[in-house]
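A.B. asks: Coordinates for the following, if possible.
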Amino acid sequence: MKKIIALIAFIFVANIAFSQTVNDVPLSDIPATYVQIVGSGKMFSSKLNIQMDFGQKDSMWSSKEHDLKDKDGNKLEFNSMIDALNFMEENGYEFETAYTLTNSKGNSIYHFLLKKK
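C.D. replies: Coordinates of the predicted model:
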């Protein structure tokens, strides 16, 4: 009975660990040492739009290929860049550096560079 419970627990944890994707690539399988998370404010919300760039091939028609998604394909939402940074640390990345740019509308766009552990 203990072996069955342990197996079920392992499958559950493995499912959680491999359920987040970017461009349909599981976070654990991203073929890059460095990734950049980019955060920008959402309209009428205190949450941020978070996108991740690991050098993936882009379609010129869609920016959604950079969105972090859960196992059901829904876009993950983060309360802040630190929330996103903690999420990425839990998924095997460590912080390297950060910088902020301001666009022509005066909105801040946050860039965090991370390295795979």
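A.B. asks: Please count neighbours and contacts with C-alpha atoms only from this point.
C.D. replies: Will do.
A.B. asks: so the most centrally placed residue in the chain bridges to which residues?
C.D. replies: Computing the C-alpha centroid of the chain and ranking residues by Cα atoms, centre = their mean puts Leu68 first, at 4.5 Å. When assigned by DSSP bridges, Leu68 has beta-bridge partners Val22.
A.B. asks: now swap in Lys75 and tell me
C.D. replies: Under the criterion used here (DSSP bridges), Lys75 is bridged to Lys69.
A.B. asks: ends of stretch 93-110, how far apart?
C.D. replies: The first residue of stretch 93-110 is 17 Å away from its last residue (Cα to Cα, to the nearest Å).
A.B. asks: just stretch 67-74 next, same as before
C.D. replies: Start-to-end span of stretch 67-74 (Cα to Cα) is 9 Å.
A.B. asks: Kindly report the same for stretch 20-32.
C.D. replies: 16 Å.
A.B. asks: for stretch 22-33, same thing?
C.D. replies: End to end - Cα to Cα - stretch 22-33 spans 15 Å.
A.B. asks: Off-centre distance for that stretch?
C.D. replies: Taking Cα atoms, centre = their mean, to the nearest Å, one finds stretch 22-33 lying 10 Å from the centre of the chain it belongs to.
A.B. asks: about what we covered before: quick one: the residue nearest to the centre of the chain and Ser46, what's the gap?
C.D. replies: Leu68 is 18 Å from Ser46, where distance means Cα to Cα.
A.B. asks: Check Ser108 too.
C.D. replies: Taken as Cα to Cα, the span from Ser108 to Ser46 is 13 Å.
A.B. asks: With Asn86 instead?
C.D. replies: Taking Cα to Cα, one finds Asn86 at 18 Å from Ser46.
A.B. asks: These two: who's more crowded?
C.D. replies: Ranked by neighbour count (other Cα atoms under 10 Å), Asn86 and Ser46 place Asn86 first, with 14 against 10.
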